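[1] I would like to see how this sequence folds:
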Amino acid sequence: MPRYVVAIDQGTTSCRCIVFDRQGRVVGLAQKEHRQIFPRAGWVEHDAEEIWRSTDQVIGEVLQDNDLTAADIAAVGVTNQRETTVVWERATGKPIYNAIVWQDTRTGKLVTELGGEQGPNRYAERTGLPLSTYFAGPKLRWILDHVAGAKERAEAGELCFGTMDSWVLWHLTGLHITDVTNASRTMLMDLRTLQWDSEICAEFGIPEAMLPEIRSSSETYGEIETGALQGIPVSGILGDQQAATFGQACLSPGEAKNTYGTGNFMLLNTGTTPIVSKHGLLTTVCYQLGDQSPVYALEGSIAVTGSLVQWFRDNLGIIGSADDIEPLARSVEDNGGAYFVPAFSGLFAPRWRPDARGVIAGLTRFVNKAHLARAILESTAFQTREVVDAMRADAESEHLGLELTTLKVDGGMTDNDLLMQFQSDILDVPVVRPVVKETTALGAAYAAGLAVGFWANTDDIRANWAADKTWEPAMSETDREARLREWNKAVERTYNWAE
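    This next block holds a predicted model:
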């Protein structure tokens, strides 16, 4: 009798395989980092073949390390960095170009051209998304435009496009599919029909022959063909942020979570009706279980949070490891008047300013590296506050009846007590971290397990969720408002930098 579900988590910086038991607890984990390729300023790429080799390796490792075989596993779920785009040959499985990562900004001019006279919101009503370098559709068009013969081969049906879930599924099962959550990040899917929009595809210059089949987030797609998990069904796919929302049991309208990773991503469950934001948020598919109605979410995407700590470590060499930032920041009482706005690839939600670039404002001779460390952590909390304010404004205008009373959090940065306390202070609400922090992988495991009956229904998911630690706000309203005013001044200094 299978006792576990496996989740493959193909992330921005690493590939992981995690085994979960029926209570949603981690039984085993294997992880392997992959290279970040920066061919020029603003370009970010991955080697898709390296990513598949890493994925295959961690699957084998986690089973071996925990004395498990395929017979112990009921199902496999997949979660992934979302908008990252890869195109490969249907006949050989070979990529025709490196995967272009969600952070990449090379499509800036193309995005402006696609908007035409209607501007960035040309497709927002149908797709829920503003035209931005963030999404997969423009990245795919760039590959077709810049790789010799790609457009003709795509039209002839020789090429496959996919986000990283499709790439992993292709290697596991031989199937060319994606799920509704990942498809909703391409700018090519109609939010209401959950099908590729032929008109948008034509205007983007993308042949539909290369697009994967869109399926729900929780159903049996096929069995694994080779390797350590041969014969096991793959039965769940969720983009990473939707997976974290599902893993956090945000299953009712008005429930929200915030993931602190390479970037920050807050999702608010809005139920079975897509709500087009008037305040700079994205409308996205949250999940769809089998043939049930899809559930939608409002999302605030922040490009640079955890990766700012990496930048502080790798580019400046001020800290030796990411964990060093908290004790350094704690060595001073405040930010010394310094504010760090990490608009490395423009500003995402809710401002959507591709012309913005990073700024450190408020520098004086008094400021030292510890103040900068503190400003780096605080920037994550300030950006999250902007997203929360936009969600509140949308909820109010749509009469959703939402009042954010607590914020569920997950991701690596939630281990940082100083950041989590400041987050609670600047939001003026409690911040709650669950016992199981691997919520992204857990969400994919839940989607897969539900499809095969490993978990009976979503009540089991709610029952598994438990709080680990809660941070309560302790900042005065006067102090909070003063800091928010200064942060806003710093953000406005980033505008109109890039042409």
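[2] Just the strands from the stretch 151-300 of the chain, written as ranges.
    Ranges of strands in the stretch 151-300 of the chain, per DSSP state E, counting those that start in this stretch, are 159-163, 177-179, 213-215, 218-223, 233-239, 256-260, 264-271, 282-287, 295-302.
[3] Could I get the buried residue list for the fourth one?
    Along strand 218-223, the positions that meet the burial threshold by neighbour count (16 or more other C-beta atoms under 10 Å) are Ser218, Glu219, Tyr221, Glu223. The C-beta positions use only the backbone N, C-alpha and C, and glycine is treated the same way.
[4] isn't the second one right next to Val234, touching?
    When you say that, I think you mean Glu219. No - when contacts are counted by C-beta atoms under 8 Å, Glu219 is not listed as touching Val234 (9.9 Å).
[5] rewinding a little: ok, which of the strands of the stretch 151-300 of the chain comes nearest Ala451?
    For Ala451, the closest of these is strand 233-239, at 3.7 Å, according to C-beta to C-beta.
[6] partners of the closest one, with directions?
    Partner strands and pairing direction for strand 233-239 (DSSP bridges) are strand 73-80 (parallel), strand 218-223 (antiparallel).
[7] CSV please, covering the ones you listed and showing distance to Asn457 and mean pLDDT.
    Below are the strands paired with strand 233-239 laid out as CSV (distance: least, C-beta to C-beta, whole Å; pLDDT from 0 to 100):
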stretch, distance to Asn457, mean pLDDT
strand 73-80, 15, 96
strand 218-223, 11, 97
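[8] follow-up on the earlier one: adding distance to Ala463, write the strands of the stretch 151-300 of the chain out as a markdown table.
    Below are the strands of the stretch 151-300 of the chain laid out as a markdown table (distance: least, C-beta to C-beta, whole Å):
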| stretch | distance to Ala463 |
| --- | --- |
| strand 159-163 | 32 |
| strand 177-179 | 25 |
| strand 213-215 | 27 |
| strand 218-223 | 18 |
| strand 233-239 | 19 |
| strand 256-260 | 18 |
| strand 264-271 | 18 |
| strand 282-287 | 18 |
| strand 295-302 | 19 |
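[9] can you tell which of the ones you listed is closest to Lys369?
    Nearest of those (C-beta to C-beta): strand 256-260, 22.2 Å.
[10] Next, the angle from the closest one to strand 295-302.
    40 degrees (axes from the mean of the first three to the mean of the last three C-alpha atoms, to 10 degrees).
[11] what about the strands in the stretch 351-499 of the chain?
    Using DSSP E, counting those that start in this stretch, strands in the stretch 351-499 of the chain cover 359-361, 407-410, 431-434, 467-471.
[12] okay if I get these as JSON lines plus mean neighbour count and distance to Thr193?
    Shown next, in JSON lines, are those (neighbours: other C-beta atoms under 10 Å; distance: least, C-beta to C-beta, whole Å):
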{"stretch": "strand 359-361", "mean neighbour count": "18", "distance to Thr193": "42"}
{"stretch": "strand 407-410", "mean neighbour count": "24", "distance to Thr193": "31"}
{"stretch": "strand 431-434", "mean neighbour count": "22", "distance to Thr193": "34"}
{"stretch": "strand 467-471", "mean neighbour count": "14", "distance to Thr193": "38"}
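[13] Is it possible to get a markdown table of those that adds distance to Leu140?
    Listed next are the strands of the stretch 351-499 of the chain as a markdown table, based on distance: least, C-beta to C-beta, whole Å:
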| stretch | distance to Leu140 |
| --- | --- |
| strand 359-361 | 32 |
| strand 407-410 | 30 |
| strand 431-434 | 35 |
| strand 467-471 | 40 |
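[14] and of the ones you listed, who's closest to Trp352?
    strand 359-361 (17.2 Å).
[15] low-confidence ranges in the stretch 1-150 of the chain?
    By pLDDT under 70, the stretch 1-150 of the chain has no low-scoring segment.
[16] just the helices in it please.
    48-65, 108-115, 124-127, 136-146, 150-155 (DSSP state H, counting those that start in this stretch).
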